[in-house]
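# Sharing a sequence plus its predicted fold:
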Amino acid sequence: MVCKLRRRVVSRLHLPVFPSMQSNSQRFPLALISKSPLAAATPDSTLAMATWRPMTDSDITALMAIADEIHRDLPEAEAVFRERLHLFPEGCLVLVEHDSVGGYAVSFPIRRGRPPALDAMLGEIPHDADQYYLHDLAILPRFRGRGAAAEGIGKVMEVAKRYPTTCLVSVYGTVPFWERFGFAPEPVDAAMEEKLRGYGEGATYLTRGNA
Ligand SMILES: CC(C)(COP(=O)(O)OP(=O)(O)OC[C@H]1O[C@@H](n2cnc3c(N)ncnc32)[C@H](O)[C@@H]1OP(=O)(O)O)[C@@H](O)C(=O)NCCC(=O)NCCS
(Lines give C-alpha, C1' and ligand atoms only; values in the text may rest on other atoms or scores of the structure.)
Protein backbone atom coordinates (compact mmCIF):
# COMPACT_ATOMS: atom_id res chain seq x y z
CA MET A 1 0.00 0.00 0.00
CA VAL A 2 2.79 2.40 0.90
CA CYS A 3 4.58 1.80 -2.43
CA LYS A 4 1.33 2.36 -4.29
CA LEU A 5 0.69 5.64 -2.58
CA ARG A 6 4.27 6.80 -3.08
CA ARG A 7 3.98 6.11 -6.80
CA ARG A 8 0.94 8.32 -6.94
CA VAL A 9 2.63 11.16 -5.11
CA VAL A 10 5.67 10.99 -7.39
CA SER A 11 3.54 10.94 -10.52
CA ARG A 12 1.75 14.11 -9.47
CA LEU A 13 5.04 15.94 -9.26
CA HIS A 14 5.26 15.93 -13.05
CA LEU A 15 2.06 17.92 -13.37
CA PRO A 16 1.59 21.66 -13.15
CA VAL A 17 -0.34 22.17 -9.94
CA PHE A 18 -3.66 23.96 -10.12
CA PRO A 19 -5.33 24.91 -6.86
CA SER A 20 -8.31 22.62 -7.37
CA MET A 21 -6.06 19.77 -8.44
CA GLN A 22 -4.53 18.93 -5.08
CA SER A 23 -4.76 15.20 -4.66
CA ASN A 24 -5.80 13.29 -1.60
CA SER A 25 -2.17 12.32 -1.17
CA GLN A 26 -1.15 15.97 -1.14
CA ARG A 27 -3.92 16.98 1.24
CA PHE A 28 -3.46 14.19 3.80
CA PRO A 29 -0.41 12.60 5.43
CA LEU A 30 0.44 9.25 3.84
CA ALA A 31 -0.48 7.37 6.99
CA LEU A 32 -4.05 8.64 6.75
CA ILE A 33 -4.65 8.03 3.07
CA SER A 34 -5.64 4.40 3.44
CA LYS A 35 -8.54 5.65 5.55
CA SER A 36 -9.68 8.19 2.95
CA PRO A 37 -13.02 7.59 1.23
CA LEU A 38 -11.24 7.34 -2.13
CA ALA A 39 -8.96 4.56 -0.93
CA ALA A 40 -11.83 2.72 0.71
CA ALA A 41 -13.79 2.79 -2.54
CA THR A 42 -10.96 1.27 -4.57
CA PRO A 43 -12.25 -1.91 -6.15
CA ASP A 44 -8.90 -3.56 -6.97
CA SER A 45 -6.02 -3.64 -4.54
CA THR A 46 -3.56 -4.93 -7.16
CA LEU A 47 -3.32 -1.57 -8.95
CA ALA A 48 0.11 -1.08 -7.38
CA MET A 49 1.45 -2.86 -10.44
CA ALA A 50 -0.38 -0.78 -13.05
CA THR A 51 1.89 1.46 -15.11
CA TRP A 52 1.65 3.48 -18.30
CA ARG A 53 3.79 2.45 -21.26
CA PRO A 54 3.89 3.31 -24.98
CA MET A 55 1.12 1.64 -27.00
CA THR A 56 1.99 -0.92 -29.65
CA ASP A 57 0.00 -2.44 -32.51
CA SER A 58 -0.63 -5.54 -30.45
CA ASP A 59 -2.46 -3.45 -27.80
CA ILE A 60 -5.18 -2.35 -30.22
CA THR A 61 -7.38 -5.42 -29.67
CA ALA A 62 -7.40 -4.76 -25.91
CA LEU A 63 -7.93 -1.04 -26.53
CA MET A 64 -10.99 -1.80 -28.67
CA ALA A 65 -12.43 -4.03 -25.93
CA ILE A 66 -12.08 -1.15 -23.45
CA ALA A 67 -13.49 1.39 -25.92
CA ASP A 68 -16.45 -0.90 -26.65
CA GLU A 69 -17.18 -1.15 -22.91
CA ILE A 70 -16.71 2.51 -22.01
CA HIS A 71 -17.76 4.31 -25.19
CA ARG A 72 -20.83 2.24 -26.08
CA ASP A 73 -22.67 5.29 -27.45
CA LEU A 74 -19.60 6.93 -29.01
CA PRO A 75 -18.06 4.13 -31.06
CA GLU A 76 -14.98 4.71 -33.18
CA ALA A 77 -13.52 2.28 -35.70
CA GLU A 78 -10.41 0.27 -34.93
CA ALA A 79 -8.83 1.91 -38.00
CA VAL A 80 -9.16 5.29 -36.29
CA PHE A 81 -7.05 4.17 -33.32
CA ARG A 82 -4.55 2.34 -35.52
CA GLU A 83 -4.10 5.45 -37.61
CA ARG A 84 -3.41 7.65 -34.53
CA LEU A 85 -0.85 5.13 -33.31
CA HIS A 86 0.92 5.03 -36.67
CA LEU A 87 0.83 8.80 -37.21
CA PHE A 88 1.84 9.84 -33.69
CA PRO A 89 2.97 6.90 -31.54
CA GLU A 90 4.40 9.07 -28.79
CA GLY A 91 0.91 10.34 -28.02
CA CYS A 92 -0.49 6.84 -27.46
CA LEU A 93 -0.17 5.06 -24.12
CA VAL A 94 -1.66 2.05 -22.41
CA LEU A 95 -2.12 1.38 -18.70
CA VAL A 96 -0.98 -2.16 -17.98
CA GLU A 97 -0.95 -4.45 -15.02
CA HIS A 98 1.10 -7.55 -15.78
CA ASP A 99 -0.11 -8.36 -19.32
CA SER A 100 -3.55 -6.88 -18.85
CA VAL A 101 -4.47 -3.54 -20.44
CA GLY A 102 -6.67 -1.49 -18.12
CA GLY A 103 -6.79 1.83 -19.94
CA TYR A 104 -5.42 3.95 -22.72
CA ALA A 105 -4.68 7.52 -23.76
CA VAL A 106 -4.60 8.73 -27.38
CA SER A 107 -3.37 12.20 -28.29
CA PHE A 108 -1.74 14.04 -31.19
CA PRO A 109 -1.05 17.53 -32.60
CA ILE A 110 -3.68 19.39 -34.63
CA ARG A 111 -4.27 22.83 -36.10
CA ARG A 112 -5.60 25.12 -33.38
CA GLY A 113 -9.32 24.67 -32.81
CA ARG A 114 -9.64 21.98 -35.50
CA PRO A 115 -9.98 18.65 -33.72
CA PRO A 116 -11.30 15.81 -35.89
CA ALA A 117 -14.95 14.78 -35.78
CA LEU A 118 -15.75 11.62 -33.84
CA ASP A 119 -14.70 8.48 -35.71
CA ALA A 120 -12.94 10.43 -38.46
CA MET A 121 -9.58 9.55 -40.00
CA LEU A 122 -6.85 12.21 -39.88
CA GLY A 123 -4.88 11.34 -43.02
CA GLU A 124 -1.81 13.06 -41.60
CA ILE A 125 -0.55 15.22 -38.77
CA PRO A 126 -0.54 18.78 -40.21
CA HIS A 127 2.99 20.12 -40.71
CA ASP A 128 1.78 23.41 -39.20
CA ALA A 129 0.07 21.84 -36.18
CA ASP A 130 0.00 24.38 -33.37
CA GLN A 131 -2.17 22.77 -30.71
CA TYR A 132 -2.19 19.43 -28.93
CA TYR A 133 -5.36 17.33 -28.82
CA LEU A 134 -6.21 14.76 -26.18
CA HIS A 135 -8.49 12.54 -28.19
CA ASP A 136 -9.37 9.87 -25.64
CA LEU A 137 -8.60 8.79 -22.12
CA ALA A 138 -10.40 5.71 -20.85
CA ILE A 139 -9.74 3.58 -17.79
CA LEU A 140 -11.63 0.45 -16.82
CA PRO A 141 -13.60 0.81 -13.58
CA ARG A 142 -11.38 -1.53 -11.55
CA PHE A 143 -8.33 0.63 -12.34
CA ARG A 144 -9.99 3.91 -11.37
CA GLY A 145 -9.69 6.00 -8.24
CA ARG A 146 -5.95 5.61 -7.69
CA GLY A 147 -4.47 8.37 -9.76
CA ALA A 148 -3.93 6.38 -12.95
CA ALA A 149 -5.65 9.03 -15.07
CA ALA A 150 -3.68 11.82 -13.41
CA GLU A 151 -0.45 9.98 -14.11
CA GLY A 152 -1.42 9.33 -17.74
CA ILE A 153 -2.43 12.97 -18.24
CA GLY A 154 0.94 14.00 -16.81
CA LYS A 155 2.70 11.88 -19.42
CA VAL A 156 0.54 13.25 -22.22
CA MET A 157 1.24 16.80 -21.08
CA GLU A 158 4.97 16.16 -21.31
CA VAL A 159 4.45 15.76 -25.07
CA ALA A 160 1.79 18.47 -25.26
CA LYS A 161 4.08 21.14 -23.88
CA ARG A 162 5.78 21.43 -27.29
CA TYR A 163 2.59 23.25 -28.29
CA PRO A 164 1.17 26.39 -26.68
CA THR A 165 -2.20 24.86 -25.82
CA THR A 166 -4.02 21.56 -25.47
CA CYS A 167 -7.68 20.93 -26.23
CA LEU A 168 -10.17 18.10 -25.82
CA VAL A 169 -13.86 17.31 -26.03
CA SER A 170 -15.23 16.47 -22.60
CA VAL A 171 -18.02 13.88 -22.53
CA TYR A 172 -19.93 12.06 -19.77
CA GLY A 173 -20.03 15.19 -17.60
CA THR A 174 -16.28 15.17 -17.01
CA VAL A 175 -15.75 18.96 -17.14
CA PRO A 176 -15.04 19.08 -13.35
CA PHE A 177 -12.51 16.28 -13.80
CA TRP A 178 -10.67 18.13 -16.57
CA GLU A 179 -10.82 21.42 -14.65
CA ARG A 180 -8.55 19.76 -12.10
CA PHE A 181 -5.91 19.65 -14.83
CA GLY A 182 -6.30 23.27 -15.87
CA PHE A 183 -8.77 22.81 -18.72
CA ALA A 184 -11.62 25.30 -19.12
CA PRO A 185 -14.52 25.68 -21.57
CA GLU A 186 -13.81 27.82 -24.61
CA PRO A 187 -16.43 29.49 -26.82
CA VAL A 188 -17.00 27.58 -30.05
CA ASP A 189 -17.93 28.57 -33.60
CA ALA A 190 -20.64 26.93 -35.70
CA ALA A 191 -18.29 24.36 -37.21
CA MET A 192 -17.15 23.24 -33.78
CA GLU A 193 -20.73 23.16 -32.53
CA GLU A 194 -21.55 20.78 -35.35
CA LYS A 195 -18.60 18.56 -34.41
CA LEU A 196 -19.62 18.59 -30.75
CA ARG A 197 -23.10 17.36 -31.66
CA GLY A 198 -21.45 14.15 -32.86
CA TYR A 199 -20.16 13.58 -29.31
CA GLY A 200 -23.62 13.64 -27.79
CA GLU A 201 -25.47 15.95 -25.45
CA GLY A 202 -23.28 17.85 -23.00
CA ALA A 203 -20.08 17.48 -25.01
CA THR A 204 -17.89 20.48 -24.14
CA TYR A 205 -14.83 21.85 -25.89
CA LEU A 206 -12.07 22.54 -23.36
CA THR A 207 -8.62 24.08 -23.68
CA ARG A 208 -5.67 24.86 -21.44
CA GLY A 209 -2.36 26.62 -21.83
CA ASN A 210 0.72 24.42 -21.61
CA ALA A 211 3.15 26.97 -20.20
C1 LIG B 1 -12.48 10.00 -15.96
C2 LIG B 1 -11.49 8.87 -15.69
C3 LIG B 1 -10.42 8.87 -16.80
C4 LIG B 1 -10.81 9.09 -14.34
O5 LIG B 1 -9.89 8.04 -14.12
P6 LIG B 1 -9.27 7.75 -12.65
O7 LIG B 1 -8.06 6.89 -12.83
O8 LIG B 1 -10.33 7.28 -11.74
O9 LIG B 1 -8.84 9.21 -12.22
P10 LIG B 1 -7.79 9.56 -11.07
O11 LIG B 1 -7.84 8.52 -10.02
O12 LIG B 1 -6.46 9.83 -11.69
O13 LIG B 1 -8.42 10.92 -10.52
C14 LIG B 1 -7.70 12.13 -10.48
C15 LIG B 1 -8.54 13.09 -9.65
O16 LIG B 1 -9.75 13.38 -10.34
C17 LIG B 1 -10.87 13.06 -9.51
N18 LIG B 1 -11.92 12.53 -10.39
C19 LIG B 1 -11.95 11.30 -10.96
N20 LIG B 1 -13.05 11.20 -11.74
C21 LIG B 1 -13.71 12.40 -11.64
C22 LIG B 1 -14.91 12.92 -12.21
N23 LIG B 1 -15.68 12.19 -13.05
N24 LIG B 1 -15.26 14.20 -11.91
C25 LIG B 1 -14.50 14.96 -11.08
N26 LIG B 1 -13.34 14.50 -10.51
C27 LIG B 1 -12.96 13.24 -10.78
C28 LIG B 1 -10.35 12.03 -8.53
O29 LIG B 1 -11.11 12.04 -7.34
C30 LIG B 1 -8.93 12.50 -8.31
O31 LIG B 1 -8.95 13.56 -7.37
P32 LIG B 1 -7.77 13.71 -6.28
O33 LIG B 1 -6.55 14.07 -7.09
O34 LIG B 1 -8.25 14.81 -5.40
O35 LIG B 1 -7.60 12.41 -5.59
C36 LIG B 1 -12.21 7.49 -15.65
O37 LIG B 1 -13.26 7.57 -14.72
C38 LIG B 1 -12.76 7.03 -16.99
O39 LIG B 1 -12.05 6.41 -17.78
N40 LIG B 1 -14.05 7.34 -17.25
C41 LIG B 1 -14.71 6.93 -18.48
C42 LIG B 1 -14.11 7.58 -19.70
C43 LIG B 1 -14.09 9.07 -19.58
O44 LIG B 1 -14.96 9.71 -19.01
N45 LIG B 1 -13.04 9.65 -20.18
C46 LIG B 1 -12.90 11.08 -20.28
C47 LIG B 1 -13.87 11.54 -21.33
S48 LIG B 1 -13.52 13.18 -21.93
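Yes, it's here. On a predicted model such as this, the values are computed, not experimentally measured, just so you know.

# Could you list the low-confidence segments of the chain?
1-48 (pLDDT under 70).

# Do any residues in whichever helix in the chain runs longest lie close to the ligand?
If you go by DSSP state H, the chain has its longest helix at helix 148-160. Yes. Using CB under 6 Å from any ligand atom, a contact is recorded between helix 148-160 and the ligand, made by 148-150. The way it works is simple: take the backbone N, C-alpha and C, and place the C-beta from them, glycine included.

# Check which helices and strands that helix is in contact with.
When contacts are defined as 3 or more CB pairs under 8 Å, 6 or more residues apart in numbering; DSSP states H and E, helix 148-160 sits against helix 2-12, strand 51-54, strand 92-97, strand 100-110, strand 131-139.

# Thr174 is nearest to which of these?
Of all these, it is strand 131-139 that lies closest to Thr174, at 9.1 Å by CB to CB.

# What strands line up against that closest one, and which way round?
If you go by DSSP bridges, strand 131-139 pairs up with strand 100-110 (antiparallel), strand 165-170 (parallel).

# looking at those strands, which is closest to the ligand?
strand 165-170 (4.6 Å; CB to the nearest ligand atom).

# any idea of the angle that closest one forms with helix 148-160?
When axes from the mean of the first three to the mean of the last three CA atoms, to 10 degrees is applied, the directions of strand 165-170 and helix 148-160 differ by 140 degrees.

# Which strand residues bridge the residue most central in space within the chain?
Per CA atoms, centre = their mean, the C-alpha nearest to the average position across the chain is that of Leu137, at 3.3 Å. Legend: beta-bridge partners of Leu137 under DSSP bridges are Ala105.

# Now do the buried residues in stretch 95-107.
Residues of stretch 95-107 classed as buried by neighbour count (16 or more other CB atoms under 10 Å): 95-97, 101-107.

# for stretch 122-131, that is, sorry about that
Across stretch 122-131, burial judged by 16+ other CB under 10 Å covers 122, 129, 131.

# Which positions in the chain make contact with the ligand?
23-24, 38, 70, 137-139, 144-150, 170-172, 174, 176-177, 180.

# For beta bridges, what are the partners of the nearest residue to Met49 once chain neighbours are set aside?
In space, and not counting its chain neighbours, Met49 is closest to Glu97: 4.8 Å by CB to CB, 6 or more residues apart in numbering. With DSSP bridges applied, Glu97 shows beta-bridge pairing to Ser100.
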